[in-house]
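>>> A predicted structure for the sequence below; I have some questions about it.
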Amino acid sequence: MIPQNVHKTKLQRLRVAIRGAVQGVGFRPFVFHLADEMHLAGWVNNSPQGVNIEAEGQPEELQAFLLRLEKEKPAHSFIQSLEPSWLDPVGYKNFEIRQSELSGKKAALVLPDIATCGECVRELFDAGNRRYRYPFINCTHCGPRFSIILNLPYDRTNTTMGRFRMCARCLQEYGDPSDRRFHAQPNACPNCGPQIYLWDDKGRMLADKEEALNQAVASIRSGKIVALKGIGGFQLLTDARNAEAVRRLRQRKHREGKPFALMYPNLDEARRDCAVSPLEERLLVSSEAPIVLLERLGTAAADDAIAPRNPYLGVMLPYSPLHHLIMADLQAPVVATSGNLSDEPICIDEQEALERLRGIADVWLVHDRPIARHVDDSVGRVLMDRELVIRRARGYAPLPVTLQEETPPLLSVGAHLKNSIAMATGKEVFISQHIGDLETAAALDAFQRVISDFETLYQAVPETVACDMHPQYLSSQFARRLGQPVVEVQHHYAHALSCMTENELTAPVLAVSWDGTGYGLDGTIWGGEFLRIDENGFERFSHLRAFALPGGEKAVKEPRRTAMGLLYEIFGEKMFAMDLAPLKGLDQEKRSILNTMLRNGVNSPRTSSAGRLFDAIASLAGLRQEVSFEGQAAMELEFAAAKIHTGESYPVRKSEDGIDWEPMVRAILEELALEATVNEIAAKFHNTLVEAIVQVAHDCGLEKVILSGGCFQNRRLSERAVLRLRREGFHPYWHQRIPPNDGGIALGQVMAVVRSKMGVAAQCV
C-alpha cells in the first residue's frame, strides 16, 4: 500500500529560466505584476544567467502565465531562451521580487543558436533596409552562437566570424549601446559578411548571392534535392508535395521508413495539415524552434512518403534567415532532413558535404561562414500539457542543468545509441548536442570531437569519467582508455537519476525504467525495470519476465525473432507448429535453425526488455516482422491503438521471474484466433502495461514514481500511466528538458558519480 499522507492538492510549481535581453528593461516588475494579477505565489530574480522565476498555482493558471510571459513581455526586452520545468510545490505564500544572485558563471557566454527574431525578419523583407534579403542577418537577440564559437570568451575573434572584418556601418552599430546590434558578435551585412553560392556535384559554382538562392528554389520546385548548408550543418531539402522526389530522397539516403521532418513557410500553412494547440504553437515559434511532433489532419501532400503509417508529422518553421528566404519564395512545405547518410553525423563542411552527399543531392547551396561544430535540429512534443524534449540539440545545447552542490570537473560519455555527453564543473552540468548512434567510424569521430570540444570550451580537465557498464559500448571503451578514474553506471539507474535530477527529486523513489537494451548487473539484457532508489543506491525491485532473443542483435531488426523467443518461453518447440504471423514465410530450414538456437541457448541472450516486448506483440499482431529503424514496430503498435478508447486490459501475474506477461500473450493469441482487430489488441496491450506499473507501485509503497527510458516517448503509454498513477494516489514524474531516451543517459551518469562521492553506490546496494 502507498503511504496515507499522499499530497492531494492540484497546486504545482513552475520554474522558468529566461536568458536574453531581460535585465534593465523592467522585466522583474512585469513578472511581479502579472503573477499578482493571476494570484500566483513565488518569486522572480536576476542572476548572471538571466531571469529566474518560480510560481505556484493551479496547472491551468500556470500554463496561462507561461504563455503570457512571452506575449506581454516589456517592449524593450527580448527572450533568447525560455525553459519551463514543472516541479512539486514548496508552499510559497505570496509573490516577491527577490534579491539578485551574484554567483555563478555567465551562461549567456555560450548560448545556443537562436532562431531569427521578429525584428530581423522584418528587416529581411524590407526593400528599403540595407540588409534586405541578406541570408545572414542577425542581432544580439538572435543568430548563431554555439555553432560558431571556437573559444571563450564569446568575442568575434573567438568565433568563425573572425575572418569577416566589419564594414564602417556594421562597426558603428556594433559599438553603439543604443543599437540592437551592440556587441552582436556575428554582425554583418551584404558588404562585409558571408555570402551564399550554388554548386553542382563537382563543386563548380553555378551562381552566387541572390541568383544562387533563386536557382536553389527553382531546383526544389522542379523536384530536385538541395543540400543546404545551414546553422549547424547540412540539410537535404526537397518539395514535400512531390511524392516522387520524396521517395527518391529516401532511396538515395538509405532511409526506408523513418519519418522525414517538414518545414512549413509559416504557422498558418502548418495548421492546414496539423492540429496545433497553444502550447505546441509556443514551441514552434519559440527561440529554440525545434521540430515538433503534431497530429496530422486528413491527408497532407505526399505524407505517405514523408511519414509512412504515422499519425504524426514532425514540423518546424523557418529559424534562420536563409530558411526564411527559401520558404517565403516557395510558399510550400519542404522535407528538411539531416544532411547525412543514415547513422552518420551531419556534414558541416562544404567540401566534406560534396563528397559524402554526392549521389544524394542534386545541387549544393553553400556559404563561406565556417561551422565550428555540428548541431542537429532538436525534436520535441507536448505531453500531458508539458514540453518534452526528445532530441536535444539546436536551441537547447549547451544550456546547463544546475545542481544543488558543487562537483569537481567530471565527464560522462553517455550511451551507445542517441549518444550525447556531459561535462560537469562547479554547480553546472553542460549537456552536449545530440551526437547520434555510435555505429560508424564517422559517428565515433564526432563523439571524440565533441568531448575534446567541451574540454576546450569549458577549460575543464575531468577528474573522473562516468560511462555505461556495457563492456562493448564504444563510449565505455573510450572512457576506459583515458587512464582516469572511471565509474561504471548501470544503464537504467542512469535513466532514473536523469529524471530525478530534472524534477529535483530526492530518494526514495520507484523508477520505472523501460527501454530496448541495457546491460544488467547479472550480465543479461535489462529493459523492463522497476528500481527502488534510496539514499544508499538502488535495488532491482521487480522487472518484466525475461525471454530469449534468438540471434541477439538480429532480433532487434527482426521483431519476428523476438516474438519467437517469447512464444518459445511458453510453448517450447510446439510453437513451430502454430499458424502465427511471426512464423509465416519461414521455411523448414530456418525454423530448424531457430529451434536449435533457442533449445541450446546459442546466440540467444535473455532479456527483460519492455522495448522488445513491444516488438514481439507487434509481430504477433501481424503489424511488422522486420524494421528499418529502431522503435519502428513499437511505434506502429502505439499508432494502431490511437483511436481505441477502451479501458480493458489483459491479465498479468507476479512470479519469482518478475511481472509475468504469459497470461497476456495467451489471451492475445486467443483473440487473434477469434479475429480481434489489431487496434483493439494494441490498445489493451498498452493498458496492460499501465496496470502492471500501478500494481508494482502498490507493492513498492513509495509515493513518488518516475517514468524514464525510451519506451516513455510513447505518448499513449506515458499519458495513461500518469493518469492511472495519479488516480491511485501516487505522484508520477517524467522528463521535460532532458530526453527520456538514451540522450538523457549522460546526465544520469553525472549524478551517479555525484552520489558515489557522497558515499552512495554507483551501481547498486
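Received, thanks.
>>> and the strand ranked longest in the chain, which strands flank it?
Longest strand in the chain, counting residues (DSSP state E): strand 400-412. Partners of strand 400-412 in the sheet, by DSSP bridges, are strand 422-431 (antiparallel), strand 464-468 (parallel).
>>> distance between it and the chain's centre?
Computed by Cα atoms, centre = their mean, to the nearest Å, the chain-centroid distance of strand 400-412 equals 21 Å.
>>> Checking the closest residue to residue 544 other than its chain neighbours next. Helix, strand or coil?
Counting by Cβ to Cβ, 6 or more residues apart in numbering, residue 544 lies nearest to residue 528, which is 3.1 Å off, once chain neighbours are set aside. Where C-beta positions appear, they are placed from N, C-alpha and C, glycine not excepted. Put simply, residue 528 is strand when judged by DSSP: H, G, I helix; E, B strand; the rest coil.
>>> Name the residues linked to residue 528 by a beta bridge.
Residues in a beta bridge with residue 528, per DSSP bridges, are residue 514.
>>> i'd like the first residue to be 54 from this point on
Got it, the first residue is 54 from now on, which makes the last one we talked about residue 581.
>>> just checking, what packs against the worst-scoring helix or strand of the chain on mean pLDDT?
None of the helices or strands of the chain scores lower by mean pLDDT, DSSP states H and E than helix 356-359, at a mean of 82. With contacts defined as 3 or more Cβ pairs under 8 Å, 6 or more residues apart in numbering; DSSP states H and E, helix 356-359 has these neighbours: helix 296-306.
>>> what does the least confident helix or strand of the chain contact?
Helix 356-359 has contacts (Cβ atoms under 8 Å, 6 or more residues apart in numbering) with 293, 296, 299-300, 303, 312-313, 315, 326, 349, 353, 366, 388.
>>> on that earlier part again, report the buried residues of the longest strand of the chain.
With burial defined by 16 or more other Cβ atoms under 10 Å, the residues of strand 453-465 counted as buried are 453-456, 460, 462-465.
>>> ok, now stretch 582-601?
582-586, 590-591, 593-601.
>>> Can you spell out which residues form a bridge with the closest residue to residue 561 other than its chain neighbours?
The spatial neighbour of residue 561 that comes closest, neighbours along the chain excluded (Cβ to Cβ, 6+ apart), is residue 587 at 4.5 Å. Here residue 587 sits in beta bridges with residue 590, as judged by DSSP bridges.
>>> Surely residue 587 is in contact with residue 559?
No - at 10.0 Å, residue 587 does not count as touching residue 559 under the criterion of Cβ atoms under 8 Å.
>>> returning to that earlier point: report the contact partners of the residue nearest to residue 597.
Taking Cβ under 8 Å, 6+ apart as the test, what residue 581 contacts is 567, 596-597, 661-663, 666, 711-712.
>>> quick one, strands of the stretch 304-453 of the chain?
For the stretch 304-453 of the chain, the strands defined by DSSP state E, counting those that start in this stretch cover 314-316, 344-348, 365-369, 387-391, 416-420, 432-436, 439-444, 453-465.
>>> The first one: partners in the sheet, and parallel or antiparallel?
In the sheet containing strand 314-316, the strands it pairs with under DSSP bridges are strand 365-369 (parallel), strand 387-391 (antiparallel).
>>> so which of these comes closest to residue 195?
Residue 195 sits nearest to strand 365-369 of all the strands paired with strand 314-316, at 15.8 Å, using Cβ to Cβ.
>>> Just the CA atoms of that closest one, as CSV, please.
The C-alpha trace of strand 365-369 is given here as CSV (Å, rounded to 0.1, in the frame of the first residue of the first chain):
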residue,chain,number,x,y,z
TYR,A,365,2.1,12.5,-36.6
LEU,A,366,4.2,14.9,-38.6
GLY,A,367,7.5,16.4,-37.4
VAL,A,368,7.0,20.1,-38.2
MET,A,369,9.3,23.1,-37.9
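>>> Now do it: everything it contacts.
For strand 365-369, the external contacting residues (Cβ under 8 Å, 6+ apart) are 312-317, 323, 326-327, 337, 342-349, 353, 356, 359-360, 389, 430, 432.
>>> now stretch 461-469
Contact partners of stretch 461-469, identified using Cβ under 8 Å, 6+ apart, comprise 472-478, 488, 490-491, 500, 504, 507-508, 513-521, 523, 526-529, 531-532, 544, 547, 795-796, 798-800, 802-803, 806.
>>> Which of those fall in helices?
Judged by DSSP state H, the subset of the contacts of stretch 461-469 located in helices is 500, 504, 507-508, 527-529, 531-532, 544, 547, 798-800, 802-803, 806.
>>> wait, residue 724 sits on residue 732?
No - checked against Cβ under 8 Å, the pair residue 724 and residue 732 is beyond contact range at 11.7 Å.
>>> joint contacts of the two?
Residues touching both residue 724 and residue 732 (Cβ under 8 Å, 6+ apart): there are none.
>>> How about the secondary structure of residue 109?
Per three-state DSSP, the local secondary structure of residue 109 is strand.
>>> if I look at it, how far off is residue 148?
9 Å (Cβ to Cβ, to the nearest Å).
>>> How about residue 85?
The spacing between residue 85 and residue 148, counted by Cβ to Cβ, is 6 Å.
>>> Was I right to think residue 327 contacts residue 360?
No - counting by Cβ under 8 Å, residue 327 sits too far from residue 360 to count as a contact (11.1 Å).
>>> anything in contact with each of these two?
Jointly contacting residue 327 and residue 360 under the rule Cβ under 8 Å, 6+ apart are 349, 366.
>>> Now for the residue lying closest to residue 429 once chain neighbours are set aside: which residues touch it?
Computed as Cβ to Cβ, 6+ apart, the closest residue to residue 429 that is not its neighbour in sequence is residue 446, at 4.3 Å. Taking Cβ under 8 Å, 6+ apart, we find residue 446 in contact with 285, 428-431, 486-487.
>>> Now do the same for residue 446: its pLDDT.
For residue 446, the model assigns a pLDDT of 97.
>>> Which residues are in contact with each of residue 85 and residue 148?
Counting by Cβ under 8 Å, 6+ apart, the shared contacts of residue 85 and residue 148 are residue 97.
>>> Which residue of these two possesses the greater neighbour count?
Using other Cβ atoms under 10 Å, the more surrounded residue of residue 85 and residue 148 is residue 148, with 24 against 17.
>>> Distance-wise, check residue 131 relative to residue 123.
For residue 131 relative to residue 123 (Cβ to Cβ), the value is 11 Å.
>>> so where's the stretch 454-603 of the chain uncertain?
Scanning the stretch 454-603 of the chain for pLDDT under 70 picks out nothing.
>>> oh sorry, the question was meant for the stretch 604-753 of the chain
Within the stretch 604-753 of the chain, no stretch has pLDDT under 70.
>>> where do the helices sit along it?
Using DSSP state H, counting those that start in this stretch, the helices of the stretch 604-753 of the chain run over 606-610, 612-624, 641-653, 663-673, 685-693, 715-726, 731-753.
>>> And the fourth one, what does it pack against?
Here helix 663-673 touches strand 562-572, strand 578-587, helix 606-610, helix 612-624, helix 685-693, helix 715-726, helix 731-753, going by 3+ Cβ pairs under 8 Å, 6+ apart.
>>> do the same with the shortest one
With contacts defined as 3+ Cβ pairs under 8 Å, 6+ apart, helix 606-610 has these neighbours: helix 612-624, helix 663-673.
>>> which of the residues in that helix are buried?
608-610.
>>> Make JSON lines from these and add distance to residue 745 to it.
What follows is these, written out as JSON lines (distance: Cβ to Cβ, whole Å):
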{"residue": "608", "distance to residue 745": "22"}
{"residue": "609", "distance to residue 745": "23"}
{"residue": "610", "distance to residue 745": "27"}
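>>> Out of these, which comes closest to residue 89?
Of all those, residue 89 sits closest to residue 609, with 54.6 Å by Cβ to Cβ.
>>> show me what contacts residue 208?
Going by Cβ under 8 Å, 6+ apart, residue 208 touches residue 238.
>>> Give me the phi and psi angles of it.
According to degrees, to the nearest 10, the main-chain angles of residue 208 amount to phi -120, psi 160.
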